[in-house]
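*Asks:* I would like to see how this sequence folds:
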Amino acid sequence: MTARTVKTAGQGGGDGEGLRGSAMNASTQAALGGIMARKRPDYLAIQQKRHLLISGSLIKVSERSTVPARRDRPEAIRDTGGAAKRNPGYILMSLNEHDNTNSAPLLRMNGIDKSFPGVHALVNVSLDLHAGEVLALVGENGAGKSTLIKILGGAYRPDRGEILLDGRVRHMPSPTVAQAAGVSIIHQEFNLIPDLTVRENIFLGRERVRCGFVKASEERREAERLFGKIGMKLDPAVRCRDLTVAQQQTVEIAKALSVSARIIVMDEPTAALTSQEVEHLFAIIRDLKSHGIGVIYISHRLDEVFEVADRVMVLRDGAHVGTQAVEGVSREALIELMVGRPLEAGFPKLAATLGPERLRVEGLRRGKAVQDVSFSVRAGEVLGFAGLVGAGRTETMRIVFGADRPDEGRVFVDGIEVRIRSPRDAMRHRICLLPEDRKGEGLVLKHSVRENFGLPNLERFLRGPFIDRRRERQEFTGYVERLRIKVSDQEQPAESLSGGNQQKVVLAKWLARHADVIIIDEPTRGIDVGAKYEIYQLMNQLVSEGKAIVMVSSELPEVLGMSDRVIVMHEGRVKGEITDVANAGQEDILAMAMANETIVDHG
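*Replies:* This is a model prediction of the structure:
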């Protein structure tokens with residue numbers, strides 16, 4: 001780092017001569033530059049007593065003393081606090097011109113209230129966001145996060161409260177006005193048109209035109225500049241349908257930068273990313289911070305919150321229950337703030353009491369996606385499936401459920417070989433699947449929760465040519481109570497439920513068919529921490545009743561925390577099996593997932 005302006009002052013504190021960075025004491029400049037270049041804690045030793053004003057931040061150091069300079073993040077040196085105690089009167093402050101934590105916030109939302117018929121969604125909620133800061137916004141589904149962000153983005157108008165940008169009151173009557181004010185929201189479901197190119201999506205509605213023609217070359221150069229700004233190479237001429245999820249997310253970030261966004265909201269940005277893609281996203285976020293952009297980061301993955309955020313704000317039941325610096329709060333305390341009660345354990349796994357074999361698969365094949373896969377699961381057992389993206393786990397489960405036809409392979413249920421050519425065959429043999437995409441494949445979102453419950457059970461509710469809706473309601477009421485599904489009314493559309501309650505509705509419809517083998521693909525994706533805990537408890541309850549569960553999950557702590565055995569797949573093949581799960585770690589799964597040779601057992 002080269003200081004833009006350096007002012008020196010004598011012991012009396014009077015201003016000295018203004019100097020440029022190149023004229024600064026050579027040893028001081030070298031020390032400061034070395035600290036800013038490294039990503040680890042360092043020490044700043046300055047031999048003369050000075051006040052240095054660097055990019056607007058005052059640094060006071062002691063004569064012939066060494067002041068620890070924390071270098072936790074590449075873009076800022078923060079006040080250690082402890083240094084001040086060891087060297088009274090000498091405090092190291094931020095060198096980052098965008099570290100404005102103590103200045104007026106870039107964004108302030110004051111006393112926001114919002115009600116819908118029968119629901120008080122937000123109750124006097126206030127939020128501050130500083131330039132160059134990542135503020136994590138967390139809370140259970142239904143806590144009010146989405147409503148608050150929609151108010152910021154102009155999709156909803158608050159009943160009470162105000163929004164201030166740079167200290168000035170701003171009204172956000174529409175998303176267009178919010179975008180013009182510098183607010184950009186990247187939703188979990190991207191707002192991209194698949195058949196348009198990257199360039200066309202970035203400038204959609206804001207095309208650069210001359211004499212009625214789009215200046216495509218100029219737009220392409222600008223798109224390349226935007227991608228370069230976030231350290232990404234992407235061809236602006238490629239259609240968005242041909243991009244990976246991570247690349248599509250990069251396009252959304254480039255769109256935000258193209259409208260000079262100063263505030264970027266990211267809603268569950270890592271939900272469908274690999275671990276490598278997540279690390280790259282974090283690098284982009286840190287780069288955005290270094291340019292003074294404020295980021296609001298919404299996620300149910302608390303490990304990410306602790307890694308990327310500066311502060312965390314918690315909403316519960318529409319109310320603001322606290323905002324704290326990330327380094328000042330533990331994971332357990334944060335969870336208790338979110339759910340309003342302590343959780344006994346992250347994964348409440350019970351000891352398994354194994355019964356007879358429920359399902360056995362031998363030599364399953366389908367093209368290159370599934371190659372010679374064999375496994376078995378017993379009553380009372382949770383069998384976890386782990387692997388990298390594209391390992392073939394979901395494809396295997398779709399074949400077992402009859403959604404896809406295998407090229408070859410055998411399936412045994414309760415020791416008897418069966419032919420499964422369709423989901424109807426699987427259902428008849430008491431096999432069910434809770435799919436990875438519960439919104440697209442597990443539910444009919446526009447239909448009511450009652451209708452979704454009844455779809456696979458229609459033959460049981462038929463009375464002649466008509467559906468016995470009274471009986472259907474009565475049976476669904478039993479599952480609502482048993483699974484603790486939060487619904488205001490059975491005619492409530494499935495799309496209006498939180499992710500955790502949607503997952504419970506999918507589970508309820510299969511339990512009504514008395515399924516013995518329950519395949520759950522990504523059981524807690526997009527579900528808040530409290531609902532996750534409830535899903536885990538339901539899994540415990542099901543295996544205690546003699547059900548067999550096959551769980552596919554990309555979250556390795558979840559696989560290790562809830563499984564009795566773990567199958568690891570790579571490129572369509574089984575690469576290993578972990579039987580002693582209690583003594584295994586994530587590194588064991590990753591070693592198998594990336595192994596060239598099959599590891600028969602790890603126990």
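*Asks:* Find the least confident helix or strand in this structure, judged by mean pLDDT.
*Replies:* strand 5-9 (a mean of 30; mean pLDDT, DSSP states H and E).
*Asks:* tell me the contacts of Ile284?
*Replies:* 230-232, 250, 253 (Cβ atoms under 8 Å, 6 or more residues apart in numbering). Glycine gets a C-beta too; all of them are placed from N, C-alpha and C.
*Asks:* Any chance of the backbone angles for it?
*Replies:* Main-chain dihedrals, Ile284, degrees, to the nearest 10: phi -60, psi -40.
*Asks:* quick one: it and Cys240, what's the gap?
*Replies:* According to Cβ to Cβ, to the nearest Å, Ile284 and Cys240 sit 18 Å apart.
*Asks:* Check Ala512 too.
*Replies:* Remark: distance between Ala512 and Cys240 (Cβ to Cβ) = 40 Å.
*Asks:* Model confidence at Asn201, what's the number?
*Replies:* If you check Asn201, the pLDDT there is 92.
*Asks:* oh sorry, the question was meant for Gln249
*Replies:* For Gln249, pLDDT reads 85.
*Asks:* what helices or strands is the host helix or strand of it leaning on?
*Replies:* Remark: Gln249 resides in helix 245-258, with elements defined by DSSP states H and E. The contact analysis (3 or more Cβ pairs under 8 Å, 6 or more residues apart in numbering; DSSP states H and E) places helix 245-258 against strand 183-186, helix 198-202, helix 216-229, helix 275-290.
*Asks:* closest to Leu192 out of these?
*Replies:* helix 198-202 (5.1 Å; Cβ to Cβ).
*Asks:* Just the residues contacting the closest one, thanks.
*Replies:* 192-193, 216, 219-220, 223, 226, 234-240, 243, 251, 254-255, 258.
*Asks:* C-terminal to it, what's the next element?
*Replies:* Past helix 198-202, the next helix or strand by DSSP H and E is strand 209-210.
*Asks:* Now do that next one: distance to the chain's middle.
*Replies:* 39 Å (Cα atoms, centre = their mean, to the nearest Å).
*Asks:* can you tell me how far the closest residue to Thr176 other than its chain neighbours sits from Ser115?
*Replies:* In space, and not counting its chain neighbours, Thr176 is closest to Gly154: 7.2 Å by Cβ to Cβ, 6 or more residues apart in numbering. Distance of Gly154 to Ser115, computed by Cβ to Cβ: 18 Å.
*Asks:* One more: Glu200?
*Replies:* Glu200 is 39 Å from Ser115, by Cβ to Cβ.
*Asks:* quick one: which of the two has more around it?
*Replies:* Glu200 (20 against 15; other Cβ atoms under 10 Å).
*Asks:* how deep is Val559 tucked in, by neighbour count?
*Replies:* Close neighbours of Val559, defined as other Cβ under 10 Å, add up to 26.
*Asks:* Tell me the buried residues in stretch 126-134?
*Replies:* 127-134 (16 or more other Cβ atoms under 10 Å).
*Asks:* quick revisit: turn the helices and strands packed on helix 245-258 into JSON lines, columns for distance to Gly454.
*Replies:* Listed next are those as JSON lines, based on distance: least, Cβ to Cβ, whole Å:
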{"stretch": "strand 183-186", "distance to Gly454": "36"}
{"stretch": "helix 198-202", "distance to Gly454": "40"}
{"stretch": "helix 216-229", "distance to Gly454": "49"}
{"stretch": "helix 275-290", "distance to Gly454": "39"}
